[in-house]
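> Generate a structure from the sequence data that follows.
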Amino acid sequence: MFEVKVLSEFAAAHYLRGYKGKCENMHGHNYKLEVIVSAKKLNSLGLAIDFVDIKKELSIVTEQLDHKLLDELSFFKKSNPSAENIAKHIYTRLKLTLNKNGVKLKSVLVWETDRSCATYSE
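Next up, the predicted model:
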């Protein structure tokens, strides 16, 4: 099995509704992302998937999140924009475009700090 990982980042603000503590107040993060895809075979060029293709699709998703108050976005109206839910949102969006030609989106990691992250996979 081959795995390919792409790193990215975006900056955004959020707050956690119903949380009792500092995170109930609006605050921001410089989120770091890791997107991992897997493939059993390589294509004729010796690639599982071109890094450029992953970066392009990830850029489309992160543009919608970057420098936004995440709580105001439609996909976080019913669920808190926690690192877990952000990872799931990004995974769900990327799955639509990256799962093809023997490539499978494996996981999305969202880092809020250098020591704290959440992962989503199916």
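> Quick one: classify the residue nearest to the spatial centre of the chain as helix, strand or coil.
With distances taken as CA atoms, centre = their mean, the residue of the chain nearest its centroid is Ile90 (3.9 Å). Using DSSP: H, G, I helix; E, B strand; the rest coil, the three-state assignment for Ile90 comes out as helix.
> doesn't Val61 make contact with it?
Yes. Ile90 lies in contact with Val61 (CB atoms under 8 Å); the separation is 5.5 Å. Yep, even glycine has a C-beta here, placed from its N, CA and C like the rest.
> Look up the closest residue to Pro81, ignoring the ones flanking it.
Leu70 (3.6 Å; CB to CB, 6 or more residues apart in numbering).
> repeat for Phe51
Leaving aside its sequence neighbours, Phe51 sits nearest to Val6 (CB to CB, 6+ apart; 6.0 Å).
> helices and strands around the host helix or strand of that neighbour, which ones?
Val6 belongs to strand 2-14 when assigned by DSSP states H and E. In terms of contacts (3 or more CB pairs under 8 Å, 6 or more residues apart in numbering; DSSP states H and E), strand 2-14 is packed against strand 27-39, helix 51-63.
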